[in-house]
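Student: What shape does this take:
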Amino acid sequence: SYTWEMWGQSPVWLAAIQQHFPRLKSVVTPPFPQELYDRSHRREAARCLKFIGHEALAAHWYTSVEDFQSDRFLRFPADTALLAKLPASSSGRGLIWLSSIPTPEEIDRLRKATRNTDSFSVEKVLDVQQDWAAEFYSDGKGELAFVGLSRFDTNRHGAYLGNRLAPQKELMQTLVDALGYDVVHTALSSLQMYLQERFSTLYTGYIGVDMVVYKDGEKLHLHPCIEINVRYTMGVVAILLYDLWVEEGRRGRFEVKSFRTEGEAYEWDQMMQHLHPPQIHNHRLCSGYIPLTSTAPSSRFLAYLLVSPEDKESVKTQ
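Tutor: Prediction:
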């Protein structure tokens, strides 16, 4: 049997369905309790940071651009660039980058972006070195389990590019090498404790907590809770794909790629198949490229696996 897992509810997603499937007079989504909706808000990350002892890293919330402008130099260092976020966004959308002294153009962009929201958050821009997520699973009956770590990459605007594929032991060791054992394991256990209390009897499914390793001076630090994603995340997909389809010990990437015009995805797929032919052993990918979505000439989107032919080498897309 199969279960349909909601990726998330978005006005953009609903509008796209209604546009492309006009015969659907209405789109019915599964019930989403108000209490769970409230705990899926970006504010939940601030609550979590306070709970685990990192309140200084929490974003500040505003209900108007004017409130932010009057508060800017009271809350944040004068020479620090800032990042504003809409309450519901993903994959780099809904982010507004602000200079240390926001320009009129930036303020105008912020005002337009927040016109239809009841609030927005602002936080200090960090010198991010690595993007990570801790993935958990809630059974809805009071138990919440740690699933694993995922490491991903973003572009300079914060948009998601893809996940790095590697054994869980190696991913954990990479994070420990950067920060130390105590920092990593204290953060993960604290997150699990918080999520257990807040979600384990209210929600059944995956929860991903975005984290970053950032540099301050010459030292690396962990921001343990950038965002709490109460849904099936790309990090979970990467972990499951690796466990199910990639030969143990291999390294590679799980990526998504979009194209502007029809035919581009098809041509790119043909090129990748030629450059990185897949090698399969015992029904698992040992090396090479495999598309995970349609490669028809009309497609403008591709998700795929790309695995290095050598155990200790990484692979890059063209």
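Student: Specify the residue ranges that define each domain of this protein.
Tutor: 35-56+127-237, 63-124, 246-307 (automatic domain parsing).
Student: In terms of mean pLDDT, which of those domains ranks lowest?
Tutor: Ranked by mean pLDDT, the domains of the chain end with domain 63-124 at the bottom, a mean of 89.
Student: Quick one: end-to-end length of it, please.
Tutor: 18 Å (Cα to Cα, to the nearest Å).
Student: let's number from 21 now, not from 1
Tutor: Will do, 21 is the new start, and the previous item becomes domain 83-144.
Student: if we can go back for a sec, okay, the domains of the chain in TSV with distance to Gln39 and mean neighbour count next?
Tutor: C-beta coordinates here come from the backbone N, C-alpha and C atoms, glycine included. As requested, those are exported to TSV (distance: least, Cβ to Cβ, whole Å; neighbours: other Cβ atoms under 10 Å):
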stretch	distance to Gln39	mean neighbour count
domain 55-76+147-257	23	17
domain 83-144	18	15
domain 266-327	15	16
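Student: Let's have those in JSON lines, adding distance to Phe41.
Tutor: Putting those into JSON lines (distance: least, Cβ to Cβ, whole Å) gives the following:
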{"stretch": "domain 55-76+147-257", "distance to Phe41": "22"}
{"stretch": "domain 83-144", "distance to Phe41": "22"}
{"stretch": "domain 266-327", "distance to Phe41": "16"}
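Student: out of these, which comes closest to Ala36?
Tutor: domain 266-327 (12.6 Å; Cβ to Cβ).
Student: okay, how far is it across that closest one, tip to tip?
Tutor: Counting by Cα to Cα, you get 8 Å between the two ends of domain 266-327.
Student: Do I have it right that Gln216 meets Leu164?
Tutor: Yes. In this structure, Gln216 is within contact of Leu164 by Cβ atoms under 8 Å, at 4.4 Å.
Student: In the chain, what residue spans correspond to helices?
Tutor: According to DSSP state H, the chain carries its helices in the segments 31-40, 54-59, 63-71, 85-95, 124-133, 188-199, 201-219, 254-265, 284-295.
Student: got the contact list for the shortest one?
Tutor: Read that as helix 54-59. By Cβ atoms under 8 Å, 6 or more residues apart in numbering, the surrounding residues in contact with helix 54-59 are 218-219, 222-223, 250.
Student: Throw those into a markdown table and include distance to Asn183, thanks.
Tutor: Below are the contacts of helix 54-59 laid out as a markdown table (distance: Cβ to Cβ, whole Å):
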| residue | distance to Asn183 |
| --- | --- |
| Arg218 | 25 |
| Phe219 | 23 |
| Leu222 | 27 |
| Tyr223 | 23 |
| Val250 | 19 |
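Student: ok, so of those, who is nearest Leu103?
Tutor: Distances from Leu103 to those, taken by Cβ to Cβ, are shortest for Val250, at 21.5 Å.
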